[in-house]
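>>> Next come a sequence and a model predicted from it.
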Amino acid sequence: MLGYSLFLIECKVEMKVSIIIPIYNVAPYIERCLHSVVSQCYNDIEVLLVDDCGTDNSMEIVQQFVDEYCGEKEFRIIHHEKNKGLSAARNTGTIAANGDFLFYIDSDDEITPDCIELMMNEVLKHPDVEMVQGTTTSIPDKDYYHTEVFNELGYVESNDDVRRLFYKTGKCLPCNAWNKLISMAFIRKHHLFFKEGLIHEDQHWMFFVCKYLKNYSYISNSTYIHYSTPNSIMTSGGYYDSRSNCHWSVILNDIFHNIDEPCAKQQIAKYYINYYDKRIGMEAFDNSAYRNTLFFVFLKYFSLRIGVLFVLTLLFSSKQNLFNKYEKKLLSHLLCVK
């Protein structure tokens with residue numbers, strides 16, 4: 001028993017975690033984030049701070065913090081030559097990382113002191129795990145993330161089960177890139193980088209992650225504190241603006257071109273109902289090639305009838321009564337997908 005305990009301790013020391021923090025105009029929040037990182041109980045951590053060329057004094061705060069820090073965590077600052085966006089900043093950090101596992105954190109959020117330790121304990125219990133997901137506490141709306149539905153998930157060890165969980169209505173796995181401990185080998189093997197130039201990039205990324213993810217662990221402990229801050233996409237109304245719709249068009253185009261089994265019908269239903277139908281409406285389908293893609297996806301995985309219903313919703317998009325009639329029929333079929 002003692003030998004096994006020593007083995008676990010040795011493994012724990014040898015496994016490095018790379019925490020990646022993109023920095024862009026977060027002067028009021030970045031010090032809080034950094035304090036939460038250096039307060040981690042787990043010590044074998046490198047922190048990669050990616051300067052994405054903001055316009056405030058965030059990097060001055062970061063530099064002073066790093067200069068004054070005397071603890072065990074290793075800091076590296078990486079500078080972009082120009083602003084490239086969140087996806088590019090995460091990719092820069094991922095490429096530069098030396099850790100066995102990655103952890104993304106947004107610079108206006110923070111993590112609990114035992115966050116990385118709790119997640120690494122899951123790695124020790126399940127050596128093949130590719131992703132560990134923690135529970136998120138949201139501020140000021142503490143009920144924003146309904147995490148109680150995940151509490152019984154535990155450990156999942158097949159891609160079929162991962163897909164079923166991710167696409168299951170009411171209990172889908174969280175799609176945020178943050179609050180996940182991810183195997184670096186898994187990321188590199190499947191080239192799971194973020195598509196650059198997008199907002200809602202986590203949705204795009206998680207779709208492709210779920211194509212390959214086999215070993216997944218969920219822990220019910222709160223490990224991440226997510227703040228709804230002013231001027232973010234989610235709080236400023238930008239989630240629904242024309243730029244957002246344009247980016248959703250790109251995301252959905254990539255997704256519908258890459259639908260596959262298992263759970264193909266569930267994938268189509270999830271992204272059509274939750275994103276196309278509710279959020280971006282007909283604006284996403286101005287491109288005829290894009291409309292054709294979804295039409296043939298419906299034909300391939302459903303039936304001619306479903307494909308025709310989709311075409312009818314397009315034909316009568318300007319005639320509200322007929323549009324509602326065909327849209328209701330189409331959604332009723334998709335909502336029955338289990």
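Perfect, I can see it now. Residues are numbered from 1 along each chain as shown.
>>> Any buried residues in the helix or strand where R90 lies, and which?
Taking DSSP states H and E as the criterion, R90 maps to helix 86-96. Buried residues in helix 86-96, counted by 16 or more other CB atoms under 10 Å: L86, S87, A88, A89, R90, N91, T92, G93, T94. C-beta here means a position set from N, CA and C on the backbone, and glycine is covered the same way.
>>> Which stretches in the stretch 101-250 of the chain count as strands?
101-104, 110-111, 131-139, 155-157, 180-183, 215-227 (DSSP state E, counting those that start in this stretch).
>>> Can I get the ones you listed in JSON lines including mean pLDDT?
Output for the strands of the stretch 101-250 of the chain, formatted as JSON lines (pLDDT from 0 to 100):
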{"stretch": "strand 101-104", "mean pLDDT": "98"}
{"stretch": "strand 110-111", "mean pLDDT": "98"}
{"stretch": "strand 131-139", "mean pLDDT": "92"}
{"stretch": "strand 155-157", "mean pLDDT": "92"}
{"stretch": "strand 180-183", "mean pLDDT": "98"}
{"stretch": "strand 215-227", "mean pLDDT": "94"}
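>>> deepest of the ones you listed, which one?
With neighbours defined as mean count of other CB atoms under 10 Å, those peak in mean count at strand 101-104, which reaches a mean of 26.
>>> Of the buried residues of helix 86-96, which is the nearest to I306?
Taking CB to CB as the measure, I306 sits nearest to S87 out of those, at 33.3 Å.
>>> In contact with the nearest residue to that closest one once chain neighbours are set aside, which residues?
Spatially, and ignoring its direct neighbours in sequence, S87 is nearest to F194 (3.6 Å; CB to CB, 6 or more residues apart in numbering). If you count contacts by CB atoms under 8 Å, 6 or more residues apart in numbering, F194 has them with L86, S87, A88, R90, N91, A177, E201, H204, W205.
>>> Same question for V250.
K195, L198.
>>> My guess is I61 contacts R32. True?
No - using CB atoms under 8 Å, I61 makes no contact with R32, being 10.6 Å away.
>>> And the residue nearest to S87, how far from D202?
F194 sits at a distance of 8 Å from D202 (criterion: CB to CB, to the nearest Å).
>>> returning to what we had before: for the helix holding R90, which outside residues touch it?
18, 20-24, 48, 50, 52, 76, 78, 80, 84, 102, 104, 177, 187, 193-198, 201.
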